[in-house]
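Asks: model the following, please.
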Amino acid sequence: MSEAKIKLIKVDTDNFDDLIDLSPGEEGKHFVASNIYSLAEAYANNAEGKFAQPFGIYLDDKPIGFLMIGFSNLDEEDMKYVDKYPFLENSYLFWRFMIDEKYQNKGYGKEAMSLAMDYIRSFPNGEAEYCWLSYEPENEKARYLYKSFGFIEEKEMPEGWDEIPAVLKL
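Replies: As a prediction, the model looks like this:
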């Protein structure tokens, strides 16, 4: 009998319905956008010629989470931050990440994060120096997970942001 295996599957018309109802639970709901919002955001960004790649996180064939990766999806508002935060330009963005409440605290998030970092390091949309992400200051689980992968928090949040950016040099 084989062990269950975590895998990432790109979202398409065959599997997007499987991911819509996944939820991080009451505790995590205010830390991450809904999967349906994230899928709409990916669609809109891709329609504008930007790069957004959503994935389902699967335990064998069962959907247990969602993540989304972007690449240099800066708009005019974001460009004003590039001088102070150069990691924003020509970089990968670990945009969304959630594990359904029924599958949390079992190590699946760490496995999925590792697979996502392997994907990013394959430079699917071109070479980049950095990968970055952001999270709510009170989200200690996220802080711990991202730090374990080498992400380093910025000393301050950009003006108008409500999340802490953390950066990893690729």
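
Asks: strands along this structure, start to end?
Replies: 6-10, 51-59, 62-71, 91-99, 130-135, 152-153, 164-169 (DSSP state E).

Asks: could you dump the last one to CSV, C-alpha only?
Replies: Below are the C-alpha coordinates for strand 164-169, written out as CSV (Å, rounded to 0.1, in the frame of the first residue of the first chain):
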residue,chain,number,x,y,z
ILE,A,164,3.8,42.2,5.5
PRO,A,165,5.9,41.4,2.5
ALA,A,166,8.5,38.6,2.8
VAL,A,167,11.2,38.0,0.2
LEU,A,168,13.2,35.0,-1.0
LYS,A,169,16.3,35.4,-3.2
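
Asks: packing partners of that strand?
Replies: strand 130-135, helix 140-148, strand 152-153 (3 or more CB pairs under 8 Å, 6 or more residues apart in numbering; DSSP states H and E). Bear in mind the C-beta positions are built from the backbone N, C-alpha and C, glycine included.

Asks: hmm, who's touching the last one?
Replies: Outside of strand 152-153, the residues within contact range by CB atoms under 8 Å, 6 or more residues apart in numbering are R143, K147, I164, P165, A166, V167, L168.
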